[in-house]
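Q: Sharing a model that was predicted from the sequence below.
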Amino acid sequence: MNVWITRVDPVAPAPGQLHGLTFALKDNIDLAGVPTTAGDPRNDQPAERNAFVVDRLIEAGAVPLGKTNLDQYATGLVGTRSPYGACHSVFSEEHVSGGSSSGSAVAVASGQVDFALGTDTAGSGRVPVAFNRIVGIKPSRGLVSARGVVPACRSLDCVTVMARTVSTARAAFDVMVSFDPDDPWSRRAPSLPAARLGPRSAGVVSGRALGRAVIGVPDLDLDLEPLHEAAWQETLGQVDRLGDVVKVDVRPLLEAAELLYSGPWLAERWLAFGDKLDDDPAVDPTVRSIVNNGAILTAADAFAGFDRLATLARASEHLWTQLDALLLPVTYGHPTLAEVAADPIGVNSRLGRFTNMVNLLDLCAVAFPGPDRADGLPFGIQLLAPAGHDRVLIDLAAVWCGEETAPPEPADDEVLLAVAGAHLSGQPLNAELVRRGARLAFNARTASSYRMYLVEGPRPGLTPSRETGPGIEVEVWSLPAAELGGFAQTIEPPLAIGPLELSDGRWILGFVCTADAADPTHDITSFGGWRAYLASGSP
């Protein structure tokens with residue numbers, strides 16, 4: 001199925017929360033020692049280092065198996081624009097796989113890897129997900145670093161993850177999210193808007209209960225192909241299991257989608273790789289014809305595009321005061337390889353109608369399977385929300401797919417406490433938490449800046465540093481707030497309870513040690529956590 005461009009020998013996995021999970025990389029993402037072709041075989045020099053996000057996954061125990069096919073320079077939603085051959089859906093040899101992250105989606109759907117990385121500028125991480133009946137998370141822009149990724153449209157590019165289940169995609173996503181100071185487009189999670197509601201919310205705002213999410217659906221005919229339309233109507237009959245359903249005007253969003261290839265962002269794409277689009281037969285002619293149009297755009301065109309986008313963003317912003325998420329189909333239909341060959345630009349353009357606007361309008365998205373079409377082909381749906389609401393969408397997708405949602409937030413009379421040593425479940429001091437009414441909320445990792453030191457006891461102490469790594473494994477316990485003071489008195493220096501940042505950007509309380517106790521000769525960060533250190537038998 002023309003899935004792989006390069007296969008690599010697997011290596012022993014590191015300890016971590018993704019231990020032993022295998023993954024593939026779209027071949028516009030750097031893997032050290034392997035060329036990053038971006039679908040152009042002339043790019044044959046091995047990458048000197050891993051992309052930032054690849055390092056995080058490997059450090060968390062995931063194992064890369066190789067690089068996958070794509071629409072050349074990530075320009076396409078079809079999966080056919082590659083000198084390495086076209087991909088097709090795993091469910092039909094006659095139908096396209098979707099692109100540009102074509103090989104990554106097929107590698108996941110066919111069971112060759114546990115998850116895969118793609119990129120999504122216009123929908124490239126969601127269209128192939130929809131055509132292969134898998135799950136894809138398109139993060140908020142900048143939430144996942146794009147350092148080490150060949151740019152398509154740098155201000156909009158997002159590294160995405162796809163998997164066969166929401167839980168696997170979520171596990172990889174949690175590792176991938178990390179601020180990267182060396183990526184100028186990276187954003188800290190706390191700087192994004194806080195998620196407002198979600199399926200487990202409680203309380204009353206503006207006079208209505210928040211126990212159920214509010215899901216928007218379009219109030220107009222979407223002009224889908226008949227088989228897609230029937231699956232969409234079946235979907236609409238099931239949406240109320242996610243929450244309360246309201247019809248909304250999505251026309252400003254659909255108009256914004258048209259700007260991506262008719263506005264200044266085409267010039268940004270030309271700036272990224274236009275110098276590669278010569279007459280060499282390795283260049284896909286459709287990619288060349290589309291992107292070279294960016295060379296003639298002017299600064300006036302750019303400002304006109306920015307102004308029009310701002311107008312459409314203002315026209316649509318009221319949606320996000322009403323909704324927790326907007327539900328849309330991913331595509332209008334599922335074209336065949338023959339249909340794409342007959343009209344490569346027109347079919348591709350129609351495929352982006354419901355996806356192109358997401359990054360332009362600074363939204364996040366999760367795509368997942370809806371009910372199959374009558375012919376047995378998959379039908380993909382997606383939930384959209386403002387940047388920063390990623391985990392609300394992931395939870396809603398989990399509800400739809402019948403999977404567990406993320407652990408609930410603590411009640412008002414509870415605090416979250418990250419423990420890393422003898423208070424872990426099964427360890428000698430865990431009873432100190434249990435007898436105070438604490439309960440294990442979830443497993444997590446610290447932010448990448450934390451290091452672990454062995455202090456007197458022996459005990460592990462955590463402290464932030466200027467170095468980055470995979471973070472440290474911790475358990476997060478929910479402790480009655482009234483018990484916090486008494487519990488803190490049981491902690492002997494140089495340990496203390498203080499603010500600690502998790503890998504997802506949240507700040508909670510945790511066991512930290514003073515800087516003077518951080519003896520470099522007692523640095524045990526490389527073990528990744530206290531359990532791994534104990535298992536090693538180290539003194």
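A: Okay, I see it.

Q: contacts and neighbour counts: CA atoms only from here.
A: OK.

Q: hang on, isn't Asp40 packed against Asp280?
A: No: using CA atoms under 8 Å, Asp40 makes no contact with Asp280, being 10.3 Å away.

Q: So those two - more neighbours on which side?
A: When neighbours are counted by other CA atoms under 10 Å, Asp40 comes out ahead of the other of Asp40 and Asp280, with 21 against 10.

Q: So what touches stretch 530-539?
A: Applying CA atoms under 8 Å, 6 or more residues apart in numbering, the contact partners of stretch 530-539 are 15, 420-421, 460, 473, 524, 527.

Q: Put together TSV for these, with secondary structure on each row.
A: Formatted as TSV, the contacts of stretch 530-539 follow (DSSP: H, G, I helix; E, B strand; the rest coil):
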residue	secondary structure
Pro15	coil
Ala420	coil
Gly421	coil
Pro460	strand
Glu473	strand
Ile524	coil
Phe527	helix
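
Q: Is there a quick PyMOL command that grabs whichever of those residues are buried?
A: Buried residues among these (16 or more other CA atoms under 10 Å), as a PyMOL selection:
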select buried, resi 15+420+421+460+473+524+527
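
Q: would you turn the contacts of stretch 530-539 into TSV with pLDDT and distance to Ala47?
A: Shown next, in TSV, are the contacts of stretch 530-539 (pLDDT from 0 to 100; distance: CA to CA, whole Å):
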residue	pLDDT	distance to Ala47
Pro15	85	25
Ala420	91	36
Gly421	89	38
Pro460	89	36
Glu473	89	30
Ile524	87	30
Phe527	85	27
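
Q: Ser145: which of the contacts of stretch 530-539 is nearest?
A: Checking those against Ser145 by CA to CA gives Glu473 as the nearest, at 21.3 Å.

Q: Show me which positions of the biggest helix by length in the chain end up buried.
A: When the chain is parsed with DSSP state H, its longest helix is helix 299-316. Within helix 299-316, the residues scored as buried using 16+ other CA under 10 Å are 302, 305-306, 308-309, 312-313, 316.

Q: circling back to that earlier point, show me which pair in the contacts of stretch 530-539 is furthest apart.
A: Pro15 and Pro460 (17.3 Å).

Q: For the helix or strand encompassing Gly118, give the mean pLDDT please.
A: Gly118 belongs to strand 115-119 when elements are defined using DSSP states H and E. The average pLDDT within strand 115-119 is 98.

Q: Tell me the helices and strands packed up against the helix or strand following that strand.
A: Remark: after strand 115-119, the chain's next helix or strand is helix 127-131, criterion DSSP H and E. On a contact count with 3 or more CA pairs under 8 Å, 6 or more residues apart in numbering; DSSP states H and E, helix 127-131 meets helix 102-109, strand 363-369, strand 380-386.

Q: To Thr321, which of these lies closest?
A: Taking the helices and strands packed on helix 127-131 one by one with CA to CA, strand 380-386 is closest: 10.3 Å.

Q: Paired strands for that closest one, with orientation please.
A: strand 325-329 (antiparallel), strand 363-369 (antiparallel) (DSSP bridges).

Q: To Val54, which of those lies closest?
A: With respect to Val54, and counting by CA to CA, the nearest of these is strand 363-369 at 20.8 Å.

Q: got a list of contacts for that closest one?
A: Here strand 363-369 has contacts from 126, 129-130, 133-141, 330, 358, 378-390, 393-394, 397, 401, using CA under 8 Å, 6+ apart.

Q: quick one, helices of the stretch 251-400 of the chain?
A: Along the stretch 251-400 of the chain, the segments classed as helices by DSSP state H, counting those that start in this stretch run 251-258, 265-273, 285-291, 299-316, 319-322, 337-342, 344-351, 357-360, 390-400.

Q: ok, of these, where does mean pLDDT dip lowest?
A: helix 319-322 has the lowest average pLDDT among those, namely a mean of 90.

Q: Give the buried residues for that one.
A: Within helix 319-322, the residues scored as buried using 16+ other CA under 10 Å are Leu319.

Q: Any regions of this structure where pLDDT drops low?
A: Within the chain, the segments meeting pLDDT under 70 span 190-211, 407-412, 515, 539.

Q: at 80 instead, please
A: Counting by pLDDT under 80, the chain contains low-confidence ranges at 1, 189-212, 405-413, 457, 466-470, 504-505, 514-521, 537-539.

Q: So which of the strands paired with strand 380-386 is the most surrounded?
A: Ranked by mean neighbour count, the strands paired with strand 380-386 are led by strand 363-369 with a mean of 27 (mean count of other CA atoms under 10 Å).

Q: could you check the angle helix 390-400 makes with that one?
A: 20 degrees (axes from the mean of the first three to the mean of the last three CA atoms, to 10 degrees).

Q: roughly how far out does strand 363-369 sit from the chain middle?
A: 9 Å (CA atoms, centre = their mean, to the nearest Å).

Q: Only alpha carbons, please: show that strand as CSV.
A: Taking C-alpha atoms only, strand 363-369 is exported to CSV below (Å, rounded to 0.1, in the frame of the first residue of the first chain):
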residue,chain,number,x,y,z
LEU,A,363,-9.1,26.0,17.1
CYS,A,364,-8.3,22.5,18.3
ALA,A,365,-9.9,19.4,16.9
VAL,A,366,-10.4,15.6,17.5
ALA,A,367,-11.5,13.3,14.7
PHE,A,368,-12.9,9.9,15.3
PRO,A,369,-15.2,7.3,13.6
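
Q: For the closest residue to Ala122 other than its chain neighbours, grab the count of nearby residues.
A: Distance criterion CA to CA, 6 or more residues apart in numbering; nearest residue to Ala122, sequence neighbours excluded, is Asn356 at 4.3 Å. For Asn356, the neighbour count with other CA under 10 Å is 25.

Q: tell me the contacts of Asn356?
A: Counted by CA under 8 Å, 6+ apart, Asn356 has contacts 121-123, 256-258, 260.

Q: Phi and psi next, for it.
A: phi -60, psi -30 (degrees, to the nearest 10).

Q: Would you quantify the distance from it to Ala256?
A: Distance, Asn356 to Ala256, using CA to CA, to the nearest Å: 8 Å.

Q: One more: Ala304?
A: As judged by CA to CA, Ala304 and Ala256 stand 13 Å apart.

Q: same deal with Leu143?
A: 22 Å.

Q: related to what we said a few turns ago, please name every helix or strand in contact with the longest helix of the chain.
A: helix 251-258.

Q: how about the helix it packs on: buried residues?
A: Buried residues in helix 251-258 (16+ other CA under 10 Å): 252-258.

Q: from the chain's centre, how far out does the longest helix of the chain sit?
A: Counting by CA atoms, centre = their mean, helix 299-316 comes out at 27 Å from the chain centroid.

Q: Same check on stretch 257-277?
A: How far stretch 257-277 lies from its chain's middle: 23 Å, per CA atoms, centre = their mean.

Q: Now for the residue lying closest to Ala338 once chain neighbours are set aside: which residues touch it?
A: In this structure, Ala338 finds its nearest non-sequential neighbour in Glu94, 7.7 Å apart by CA to CA, 6+ apart. Contacts of Glu94 were listed using CA under 8 Å, 6+ apart, and they are 88, 336-338.

Q: among these, which ones are buried?
A: Using 16+ other CA under 10 Å, the buried ones in the contacts of Glu94 are 88, 336-337.

Q: Closest one of those to Trp477?
A: With CA to CA as the yardstick, the closest approach to Trp477 among those comes from His88, at 45.9 Å.

Q: Quick check: the gap between the closest one and Val96.
A: Taking CA to CA, one finds His88 at 4 Å from Val96.

Q: and what of Gln72?
A: Looking at Gln72 against Val96, where the rule is CA to CA, the gap reads 15 Å.

Q: Same check on Cys513?
A: Taking CA to CA as the measure, Cys513 falls 55 Å from Val96.

Q: Which one's more surrounded, these two?
A: Taking other CA under 10 Å, Cys513 and Val96 do not tie; Val96 has more neighbours (28 against 23).
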